[in-house]
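Student: Provided below for reference: sequence and predicted model.
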Amino acid sequence: MTTRHKLVVGNWKMHGSHAANAELLQGILAARPFVAEVAVCVPFPYLSEVAVTLSNSSVAWGSQDCSAQAQGAYTGEVSATMLAEFGCRYAIVGHSERRAYHGESDQLVADKAKAALANGITPIVCVGETLEQREAGETEAVVKRQLSAVIHTLGQCIGEVVVAYEPVWAIGTGRTASPEQAQAVHAVLRAQLAAATPRASEMKLLYGGSVKPDNAAILFSQTDIDGGLIGGAALKAADFVAVARAAS
């Protein structure tokens, strides 16, 4: 059996300030060492200061999005080449909020993942269903469709990405999929990846649906859950550290 090292990634979303960031990062750094790999994905304006603060530490950093384009007249976009200059190890692509609020298609998400990989950045590819889709019994079809576009675009390079399952109905609602529900979807994704790459058993699959200190350990103990993509709990050092500890 392959033993996969756990990964816990904080997604700050559109939160932060110079003062708040400094306090949060110092709290995380003070809690080292971690058994799990730990990273934070921060708003673009703060990449420079986060890179300086976390340099020479075991905590990695990344972005919350990545353009599919290399350069050009794309106002407001940030390319993977630019992100690489700030030392980003990760880039979240296809988060449910990007899909919902910005109309990002499965193919655009796949193209963003390809751009990240081309610049040495590991994409964290998000997939997940809405409450309506779950209640209609469409969960498996939805997540497989979303992941299929990435597999088709990346080919054998699919083995280099991180996949995050984020049930849309459990983000910011206080609701959380049961460990069994989360594991069932992760198992579906692992099987789909196994048909595409011999590296599937080594790939990290994260759970991203309202992970908190009180439910992290049981979620992370599931066979195919290799850590978490953390939202609200990533904004308080004590909570994020507790989640990271649970991944050990």
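Tutor: Looks like it came in fine. Numbers count the residues shown, from 1 in each chain.

Student: when you work out contacts or count neighbours from here on, use the C-alpha atoms and nothing else.
Tutor: Will do.

Student: tell me the buried residues in the lowest-mean-pLDDT helix or strand in the chain?
Tutor: Lowest on mean pLDDT, DSSP states H and E among the helices and strands of the chain sits helix 131-135, with a mean of 91. Using 16 or more other C-alpha atoms under 10 Å as the test for burial, helix 131-135 gives Gln133, Arg134.

Student: tell me the helix or strand right after it.
Tutor: Going down the chain from helix 131-135, the next helix or strand is helix 139-154, by DSSP states H and E.

Student: what's that following helix packed up against?
Tutor: Packing partners of helix 139-154 (3 or more C-alpha pairs under 8 Å, 6 or more residues apart in numbering; DSSP states H and E): helix 106-118, strand 122-127, helix 179-194.

Student: ok and the shortest one relative to helix 179-194, angle-wise?
Tutor: Looking back up the chat, that one is strand 122-127. 120 degrees (axes from the mean of the first three to the mean of the last three C-alpha atoms, to 10 degrees).

Student: so what does strand 122-127 touch, helix or strand wise?
Tutor: The contact analysis (3+ C-alpha pairs under 8 Å, 6+ apart) places strand 122-127 against strand 90-93, helix 106-118, helix 139-154, strand 162-165.

Student: just the ones you listed: most buried one?
Tutor: Mean neighbours per residue, mean count of other C-alpha atoms under 10 Å, is largest over these for strand 90-93, with a mean of 28.

Student: if we can go back for a sec, render the CA-only coordinates of the least confident helix or strand of the chain in CSV, please.
Tutor: Provided in CSV are the C-alpha atoms of helix 131-135 (Å, rounded to 0.1, in the frame of the first residue of the first chain):
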residue,chain,number,x,y,z
LEU,A,131,-26.8,20.6,-3.3
GLU,A,132,-29.2,20.3,-6.2
GLN,A,133,-26.9,18.0,-8.1
ARG,A,134,-26.3,15.9,-5.0
GLU,A,135,-30.0,15.5,-4.3
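
Student: quick check, distance from it to the centre of its chain.
Tutor: How far helix 131-135 lies from its chain's middle: 22 Å, per C-alpha atoms, centre = their mean, to the nearest Å.

Student: what residues does that helix touch?
Tutor: Contacting residues not belonging to helix 131-135 are listed as Thr139, Val142, Pro167, Val168, Trp169 [C-alpha atoms under 8 Å, 6 or more residues apart in numbering].

Student: ok, now which ones touch the fourth one?
Tutor: With contacts defined as C-alpha under 8 Å, 6+ apart, Val168 is in contact with Ser96, Gly128, Glu129, Thr130, Leu131, Gly209.

Student: now with 7 Å, please.
Tutor: If you count contacts by C-alpha atoms under 7 Å, 6 or more residues apart in numbering, Val168 has them with Ser96, Gly128, Glu129, Thr130, Leu131.

Student: circling back: got JSON lines for the helices and strands packed on helix 139-154, with distance to Ala19 too?
Tutor: What follows is the helices and strands packed on helix 139-154, written out as JSON lines (distance: least, C-alpha to C-alpha, whole Å):
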{"stretch": "helix 106-118", "distance to Ala19": "30"}
{"stretch": "strand 122-127", "distance to Ala19": "27"}
{"stretch": "helix 179-194", "distance to Ala19": "35"}
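
Student: in JSON lines, list those along with mean pLDDT.
Tutor: As requested, the helices and strands packed on helix 139-154 are arranged in JSON lines below (pLDDT from 0 to 100):
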{"stretch": "helix 106-118", "mean pLDDT": "98"}
{"stretch": "strand 122-127", "mean pLDDT": "98"}
{"stretch": "helix 179-194", "mean pLDDT": "97"}
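
Student: which phi and psi values does the closest residue to Thr81 other than its chain neighbours adopt?
Tutor: Excluding the flanking residues, the one nearest Thr81 by C-alpha to C-alpha, 6 or more residues apart in numbering is Asn119, at 6.0 Å. Per-residue torsions, Asn119: phi -110, psi 20 (degrees, to the nearest 10).

Student: many thanks, I have nothing further to ask.
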